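Student: Mind looking at a prediction? Sequence and model below.
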Amino acid sequence: MIKRLLPWLVLLLAIIVFMVLRMTRPELAQAEAQERAWLVAVQRAELINATPLLPLYGQVVAPHQLTVTAALPGQIVQRPVSEGQAVAAGTLLVALDDADVAPILAQAQAEVADLQAQIEAEQLRHGNDQRALKSEESILASAQRQLERNQSLLKRNLTSREALDAVTDAYARAELTVSTRQRALGEHPARLASLQARLANAKANLQGIERDAGRARVIAPFDGVITDVQVAAGDRVSKNQALLSLYPRLGLELRARVPEVFVAELQQALNRGEKLQAITGDGRYRFTLQRFAGTGSAAGTEAILVADGPADGLRPGSLLPVTLQRPAQQQVVSVPFSALYGADTLYVVGEDFRLQRLRVERVGEARAGADRNLLVRADKLQPGLRIITTHLPNAMSGLKVDIAGVQSE
């Protein structure tokens, strides 16, 4: 009997223990949902006057580069300079052989001398023609008197027909001689003018050859750098063939395309006489904006910047990144790029430690020590506002935040 009741007694005991444990268990604290606050860094808004920067990428050019050409055909006898060599003003660059230059010069001089002699001969002949005309006119007058006398005698049968014909022929010859001499005298001005014109042309040719002969030895007109060498000593060259080039160390230009949105602003600053400088990233080279190109394109207009002083190390054709100073801006705020959301949005922290969206106008970039900051402007951007500089992927108006180093309420 006891063995049959034992399992039921054990089951009853287990139920009693379970009920006691359930009644004596501790009460669980109920979890309450709490809003998460994002930890951010902030910056106090401060209105400043700043100079925006415009990054540009341009090409170095030498606008005053001089190309040396052969003034006369001949052989190169000297070329003491080399590619990339820096030379001083007055340095010999290249020289043609005098043996090639002298014959051309002598030929031009001989042509001038020959025409001068022809003019002198023409003037002498003209003087002789004038003196000869007087004698020939006297002979013609005498022949005319002889003809008239013989005609009168023939009418009186005092001379023969043959005698009259002989006198007539003599008169005709004298008349022809006078006519020829008069024609020669009449043609004298035209012949003299033709010779004088040919002499003027020969003198002009001689002056050109003398000028070219003086250029057979090319001297550097300024301090510069040799480039584009195309000949060597011993080469035979033709007239106007390019030999080498020389560009000055001063006056190198940087030509960079400026977006059209900035062109009007920069041009107005130039018109006001402002000096806008561009500097390379390492600060080694400085350029000053001088003007804009006469034509533009959809991509912008080319700005022309002149190097300040010698730009040793730069070569025409080099590509160079620079940062151009734009006109100074008033009452702007400098913020790091991490503070910007989209193209025109900042978030500020309100008194309740919640984000408030603020639309701003992007003014440009500016230096902040070794870094660059963004310059923005807005009517509601007042001094003292707390601008978050931590970039939150889920930033929105009303989001609760904690400020690093500040205890929220």
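Tutor: That came through fine.
Student: how would you label the residue nearest to the spatial centre of the chain: helix, strand or coil?
Tutor: A centroid search over the chain (C-alpha atoms, centre = their mean) returns residue 63, at 5.2 Å, as the residue closest to the centre. Classification of residue 63 using DSSP: H, G, I helix; E, B strand; the rest coil returns coil.
Student: what's the helix or strand for residue 247?
Tutor: Residue 247 belongs to strand 242-248 when assigned by DSSP states H and E.
Student: List the buried residues of that strand.
Tutor: Under the neighbour-count criterion of 16 or more other C-beta atoms under 10 Å, strand 242-248 has 243-248 buried. Any C-beta I mention is one placed from the backbone N, CA and C, and that applies to glycine too.
Student: Hmm, residue 57 is touching residue 324, no?
Tutor: No - here residue 57 lies out of contact with residue 324, judged by C-beta atoms under 8 Å, at a distance of 10.9 Å.
Student: which residues in the stretch 251-400 of the chain form helices?
Tutor: Assigned by DSSP state H, counting those that start in this stretch, the helices in the stretch 251-400 of the chain fall at 260-271.
Student: Low-confidence ranges, it, go.
Tutor: Regions of the stretch 251-400 of the chain meeting the criterion pLDDT under 70 cover residues 369-370.
Student: how about 50 then?
Tutor: Low-confidence segments of the stretch 251-400 of the chain, defined by pLDDT under 50, are absent; every residue clears the threshold.
Student: circling back: could you tell me which residues make contact with the residue nearest to the centre of the chain?
Tutor: With contacts defined as C-beta atoms under 8 Å, 6 or more residues apart in numbering, the neighbours of residue 63 are 251, 253.
Student: Phi first, then psi, for it.
Tutor: According to degrees, to the nearest 10, the main-chain angles of residue 63 amount to phi -70, psi -20.
Student: Equivalent analysis for residue 318, please.
Tutor: Listed backbone geometry of residue 318 is phi -70, psi 150, with angles given as degrees, to the nearest 10.
Student: What strands flank the biggest strand by length in the chain, and is each parallel or antiparallel?
Tutor: Of all the segments of type strand in the chain, defined by DSSP state E, the longest one is strand 286-297. Sheet pairing for strand 286-297, assigned by DSSP bridges, gives strand 277-280 (antiparallel), strand 300-307 (antiparallel).
Student: Can you tell me what sits against that strand?
Tutor: Outside strand 286-297, the residues that touch it by C-beta under 8 Å, 6+ apart are 253-255, 258, 260, 263, 266-267, 270, 275-280, 301-309, 322, 324.
Student: one step back: so can I have JSON lines of the buried residues of strand 242-248 showing pLDDT?
Tutor: What follows is the buried residues of strand 242-248, written out as JSON lines (pLDDT from 0 to 100):
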{"residue": "243", "pLDDT": "94"}
{"residue": "244", "pLDDT": "94"}
{"residue": "245", "pLDDT": "94"}
{"residue": "246", "pLDDT": "94"}
{"residue": "247", "pLDDT": "92"}
{"residue": "248", "pLDDT": "90"}
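Student: now those residues as TSV including distance to residue 7?
Tutor: Compiled in TSV, these are given as follows (distance: C-beta to C-beta, whole Å):
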residue	distance to residue 7
243	124
244	120
245	117
246	119
247	114
248	117
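Student: Between those, which sits nearest residue 82?
Tutor: Checking those against residue 82 with C-beta to C-beta, the nearest one is residue 244 at 9.6 Å.
Student: Pretty sure that closest one sits against residue 232.
Tutor: No - under the criterion of C-beta under 8 Å, residue 244 makes no contact with residue 232, lying 10.4 Å away.
Student: quick one: buried residues of stretch 189-207?
Tutor: Buried residues in stretch 189-207, counted by 16+ other C-beta under 10 Å: 195, 198-199, 202, 206.
Student: Equivalent analysis for stretch 396-403, please.
Tutor: Residues of stretch 396-403 classed as buried under the neighbour-count rule (16+ other C-beta under 10 Å) are 399, 401, 403.
Student: secondary structure class for residue 152?
Tutor: When the structure is reduced to helix, strand and coil (three-state DSSP), residue 152 reads as helix.
Student: returning to what we had before: can you turn the buried part of the contacts of strand 286-297 into a PyMOL selection?
Tutor: Here is the PyMOL command that picks out the buried ones among the contacts of strand 286-297, judged by 16+ other C-beta under 10 Å:
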select buried, resi 253+254+258+266+267+270+276+278+279+301+302+303+304+305+306+307+322+324
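Student: follow-up on the earlier one: now the buried residues of stretch 396-403 in a markdown table, with distance to residue 377?
Tutor: Supplementary listing: the buried residues of stretch 396-403 in a markdown table, determined by distance: C-beta to C-beta, whole Å:
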| residue | distance to residue 377 |
| --- | --- |
| 399 | 25 |
| 401 | 24 |
| 403 | 24 |
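Student: Sort out which of these are in strands and list them.
Tutor: Using DSSP E to define strands, the subset of the buried residues of stretch 396-403 located there is 401, 403.
Student: Show me which of the buried residues of stretch 396-403 is closest to residue 314.
Tutor: Top of the list for closeness to residue 314, among these and by C-beta to C-beta, is residue 403 at 48.6 Å.
Student: ok, the closest one touching residue 351?
Tutor: No - between residue 403 and residue 351 no contact is recorded; they are 11.7 Å apart, counting by C-beta under 8 Å.
Student: quick check: domain ranges of the chain?
Tutor: 38-49+329-403, 54-63+251-325, 68-98+216-247, 99-214 (automatic domain parsing).
Student: May I see those domains organised as a markdown table, with distance to residue 19 added?
Tutor: Below are the domains of the chain laid out as a markdown table (distance: least, C-beta to C-beta, whole Å):
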| stretch | distance to residue 19 |
| --- | --- |
| domain 38-49+329-403 | 47 |
| domain 54-63+251-325 | 80 |
| domain 68-98+216-247 | 104 |
| domain 99-214 | 128 |
